[in-house]
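Undergrad: here is the input, now give the coordinates:
(2 chains)
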Amino acid sequence: MTEALLEVTDLTKHYPVRAGVLRRQVGTVHAVDGVSFALGTGETLGLVGESGCGKSTVARSVLRLVEPTSGQIRLRGEDITHLSKAELRPHRRSMQIVFQDPFASLNPRMTAGDIVGEPIAVHGLASGKALEARVAKLFEQVGLRPDQMRNFPHQFSGGQRQRICIARALALEPRLIVCDEPVSALDVSIQAQVINLLIDLQRQHGFSYLFIAHDLAVVAHISHRVAVMYLGRIVEIADKDELFRNPRHPYTQALLASVPIANPHAKKIAPLVDGDVPSPVNPPSGCAFHTRCRFAMERCKTERPALVDAGAGHQVACLLNEGTGRPNAIP
Amino acid sequence: MTEKSDIVLDVKNLKTVFFTNSGLFKAVDDVSFTVKRGETLAIVGESGCGKSVTALSLLRLVPDPPGRIVGGSVTLEGTDLLTLDEAAMRAIRGNRISMIFQEPMTSLNPVMRIGDQIVEAVRLHRNLSAKEAHDIAVEMLRLVRIPEPARRAGEYPHQLSGGMRQRAMIAMALACRPALLIADEPTTALDVTIQAQILALILDLQKELGTGLVLITHDLGVVAQTAQRVIVMYAGKKVEEASVEALFAAPKHPYTRGLMASIPAVPASGVPAQARLNEIPGTVPSLVRLPTGCAFAPRCKLAIKRCQEEYPPLADWGGGHLAACWRAAEVAEVA
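TA: You can find the predicted model right below:
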């Protein structure tokens, strides 16, 4: 792997649950529970999992939009976990985010050109004609016409709005772009356009993506490495090809088996897990997945498996077969 | 009630329009299809293609104003639903034809117990005592595999998870054993492992009860795994219809082909990281300003002059494989 741009160590985020007139704390939401990973320069790490698994909280903690309860975030080797707002500002330039809903993340009363130019103006990097020229260039980079700079967000389609969000993220020439479900709200034919754009931009500029999505096919397509999360923890992380060819954690296997394949001759949907994801307020003891796991053993209820190396950069947190996570036979 | 024919639903030349400030638009334009007993017909397309309005038209639930069904027929078990008065339609809705929606939280009554909501649906159509109807409700909850159905029947929607709520919706929709079930994006709001459970459940129950199913979705994976026949819609029109095997093996319409090429596949080994996807350029046209010819022509690589001038008829390419494209014969060779 290339030099790490971002290193996250043992990141934890707990939210208090309060109830009653005195708003006494009656519980804790374990949104993120000890997550560690590294992201190299020019690399895309995909983060997948179902709703409530903590993937968006990880994304927001990395940008310090959410204050982590504990753990460490290092950007280009520097610890940014406890920096004050003012100290953080120069770092903000190098990390940007693209949100899921391009309808909610653009100010409806600003023109598209002003939206994209605002970060440049805020950081005092250009003004007047120079600013306008930079914004025009950004518009071209994301496949919009510079004459559309005067238009307002409602005059754009969903795909075009997401292009505006991407242009805004690019404006400060960041090294890391967090993409939180950037294509989930888009139609299939538009989704492909945006994914291609993200890939092209990465090739041109060499920045890294932390790419969050629930759609495994999309994540698999864009990522170099993929991490699978379940109830606030990473249960498996590996190179994309390795993960999809050789999934070791029973949860990853269930997730892959659940994806409907666009081929009528492919194996029919076979749900490998029953029931729902347990509440993160009282996550199950031991391995959080043991309540739904087909291979759960007595040990899984009490011992929390650590993420261990299973060879070829493949890490898995499962007690099966001495921690290799490899079930004996996959039907 | 006993129909000799195998065909449960026969829709002919359905036309639904909306009158809006920016003009009249044809949300569903001349759409025809049939559904057999126990068959699953999928309607696919992107937002605004008219698939949901088609579903609402079948149940006569299109809000009027601004919408109105202006033509065609919807024949369910021999009765044309479009000619019925509202009272007769109410007797059929939820009874012979019912629907499940995308978002179970907004389609269940939040202040009514799950069981009572099913009881209400059952007693509306069948002359049963409260006790008998309650027993049916519990039985239906058991049928959709909700654990502890008797206890769950006494709970409110907010006490159930998303997957459980969608199961409760299915229980309600099937409580009167309808001949036809319409499912509008039933799993889109659910996580993928729950989606697999719900799809498997719908298909099991359909087989068990012999219900005809119209499944509306934007997900070609769901289509491939569930449907027997497929309709592809674009800008209010049916552009292609085929059996699921024929459609995936050799799509005839350039839009269908483009759609299939633009979805990333769950990686088969050997696909390099970050291969480019085939994209369809441009966006879905506004229904208010549709071009004279084929609505897909401005985005189509194969478009010729004729495509811009004349709308292509639906032609049969053998085995009931219909496609509306002047260049359907060349699609396979070019793309």
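Undergrad: how about residues contacting the lowest-mean-pLDDT helix or strand in chain B?
TA: Here the helix or strand of chain B ranked lowest by mean pLDDT, DSSP states H and E is helix B:328-334, holding a mean of 75. Residues outside helix B:328-334 that contact it (C-beta atoms under 8 Å, 6 or more residues apart in numbering or on different chains) are B:250-254, B:257, B:301-302, B:315, B:317, B:325. C-beta coordinates here come from the backbone N, C-alpha and C atoms, glycine included.
Undergrad: among those residues, which lie within strands?
TA: B:Ala315 (DSSP state E).
Undergrad: buried subset of the contacts of helix B:328-334?
TA: With neighbours counted using 16 or more other C-beta atoms under 10 Å in any protein chain shown, the contacts of helix B:328-334 contain these buried positions: B:251-254, B:257, B:302, B:317, B:325.
Undergrad: in this structure A:Ile177 contacts A:Ile97, no?
TA: Yes: using C-beta atoms under 8 Å, A:Ile177 makes contact with A:Ile97 at a distance of 7.1 Å.
Undergrad: which residues are common contacts for these two?
TA: A:Ala169.
Undergrad: helix, strand or coil for the spatially most central residue of chain B?
TA: Residue closest to the mean C-alpha point of chain B, counted by C-alpha atoms, centre = their mean, is B:Ile216 at 2.4 Å. Following DSSP: H, G, I helix; E, B strand; the rest coil, the label given to B:Ile216 is strand.
Undergrad: centre of the chain to stretch A:226-242, how far?
TA: Centroid displacement of stretch A:226-242 relative to its chain, using C-alpha atoms, centre = their mean, to the nearest Å, is 11 Å.
Undergrad: CA atoms of it as PDB?
TA: The C-alpha trace of stretch A:226-242 is given here as PDB (Å, rounded to 0.1, in the frame of the first residue of the first chain):
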ATOM      1  CA  VAL A 226     -13.700  -2.800   1.000                       C
ATOM      2  CA  ALA A 227     -14.500  -2.800   4.800                       C
ATOM      3  CA  VAL A 228     -17.700  -4.400   6.000                       C
ATOM      4  CA  MET A 229     -19.300  -3.000   9.100                       C
ATOM      5  CA  TYR A 230     -21.900  -4.600  11.400                       C
ATOM      6  CA  LEU A 231     -23.300  -2.800  14.500                       C
ATOM      7  CA  GLY A 232     -20.500  -0.300  14.900                       C
ATOM      8  CA  ARG A 233     -17.600  -2.600  14.100                       C
ATOM      9  CA  ILE A 234     -15.600  -3.600  11.100                       C
ATOM     10  CA  VAL A 235     -16.000  -7.400  10.700                       C
ATOM     11  CA  GLU A 236     -14.000  -7.800   7.600                       C
ATOM     12  CA  ILE A 237     -11.600  -5.800   5.400                       C
ATOM     13  CA  ALA A 238      -9.800  -6.800   2.300                       C
ATOM     14  CA  ASP A 239      -8.900  -6.000  -1.200                       C
ATOM     15  CA  LYS A 240     -12.000  -5.800  -3.300                       C
ATOM     16  CA  ASP A 241     -11.300  -8.800  -5.500                       C
ATOM     17  CA  GLU A 242     -10.300 -10.900  -2.500                       C
END
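Undergrad: could you list the low-pLDDT ranges of chain A?
TA: For chain A, the stretches with pLDDT under 70 are A:1-3, A:321-331.
Undergrad: in it, which residue is closest to the centre?
TA: A:Ile212 (2.6 Å).
Undergrad: spit out the contact partners of that residue.
TA: A:46-48, A:55-56, A:58-59, A:178-181.
Undergrad: can you tell me which of those are in strands?
TA: Members of the contacts of A:Ile212 lying in strands (criterion: DSSP E): A:46-48, A:178-180.
Undergrad: distance to B:Leu160 for the residues you listed - can I get that in CSV?
TA: Shown next, in CSV, are these (distance: C-beta to C-beta, whole Å):
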residue, distance to B:Leu160
A:Gly46, 31
A:Leu47, 28
A:Val48, 25
A:Val178, 33
A:Cys179, 32
A:Asp180, 27
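Undergrad: farthest pair within those?
TA: A:Val48 and A:Val178 (14.6 Å; C-beta to C-beta).
Undergrad: my guess is A:Ser61 is in a helix, correct?
TA: Yes: A:Ser61: assigned to a helix according to three-state DSSP.
Undergrad: how about the residues of the stretch 201-335 of chain B near chain A?
TA: Counting by C-beta under 8 Å from any C-beta of the partner chain, the stretch 201-335 of chain B comes close to chain A at B:218-226, B:244-245, B:248, B:258-260, B:262-267, B:269, B:273-281, B:283-284.
Undergrad: which of these are buried?
TA: B:218-226, B:244, B:248, B:258-260, B:262-267, B:273-274, B:277, B:279-280, B:283-284.
Undergrad: show me those that map onto helices.
TA: Using DSSP state H, the members of these that fall within helices are B:220-226, B:244, B:248, B:258-260, B:262.
Undergrad: what's the farthest-apart pair in those residues?
TA: Farthest apart among these - using C-beta to C-beta - are B:Thr226 and B:Gly258, which lie 22.2 Å from each other.
Undergrad: now the strands for the stretch 1-150 of chain A?
TA: Secondary structure of the stretch 1-150 of chain A (DSSP state E, counting those that start in this stretch): strands located at A:4-19, A:24-40, A:44-48, A:70-75, A:78-79, A:95-98.
Undergrad: just the buried residues of stretch B:307-315, please?
TA: B:307, B:311-312.
Undergrad: same deal with stretch B:50-69?
TA: For stretch B:50-69, by 16+ other C-beta under 10 Å, it's B:50-60, B:62, B:67, B:69.
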